[in-house]
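*Asks:* no sequence on this one, just coordinates:
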């Protein structure tokens, strides 16, 4: 069982990033405040992790106005969906090794 962690993606190492991706994988899009409430993190903490994921092109940001209020929402990119699935598959292999 050489190099058992090679399939893990460093982009998703943080528990907050893992949470963000998990939420976005099962929703079409999620706005900033909903994400903040679901993950129970501060504005700054969430913003920095979202920016890092956006930089890696695994999430997309959509800014719009709802009425007169600004609204920022996020969704997973096709690349993000692929990389996160590979990461989860690697985690599953790590905890459920073949006999």
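*Replies:* That came in fine, so what should we check first? Bear in mind the structure is a predicted one, so any value in this text is a computation, not a measurement.
*Asks:* Touching, residue 70 and residue 32? I think so.
*Replies:* No - when contacts are counted by CB atoms under 8 Å, residue 70 is not listed as touching residue 32 (9.7 Å). The way it works is simple: take the backbone N, C-alpha and C, and place the C-beta from them, glycine included.
*Asks:* Next up, the contacts around the residue nearest in space to the middle of the chain.
*Replies:* Centroid-nearest residue in the chain, with CA atoms, centre = their mean: residue 21, separated by 2.3 Å. By CB atoms under 8 Å, 6 or more residues apart in numbering, the residues touching residue 21 are 12, 53, 58-59, 76, 80, 84.
*Asks:* cool, residue 29 as well?
*Replies:* So residue 29 contacts 62, 73-75 (CB under 8 Å, 6+ apart).
*Asks:* pLDDT value on it, please?
*Replies:* Listed pLDDT for residue 29 reads 95.
*Asks:* got it, and residue 83?
*Replies:* 96.
*Asks:* got it, and residue 10?
*Replies:* In this model, residue 10 carries a pLDDT of 93.
*Asks:* and it, how many residues sit next to it?
*Replies:* 9 (other CB atoms under 10 Å).
*Asks:* mind checking how far it is from residue 71?
*Replies:* Separation of residue 10 from residue 71 (CB to CB, to the nearest Å): 31 Å.
*Asks:* go on, residue 12?
*Replies:* 26 Å.
*Asks:* What of residue 20?
*Replies:* From residue 20 to residue 71 the distance is 17 Å (CB to CB).
*Asks:* give me the low-pLDDT residue ranges for the chain?
*Replies:* Residue ranges of the chain with pLDDT under 70: 1-2, 98-99.
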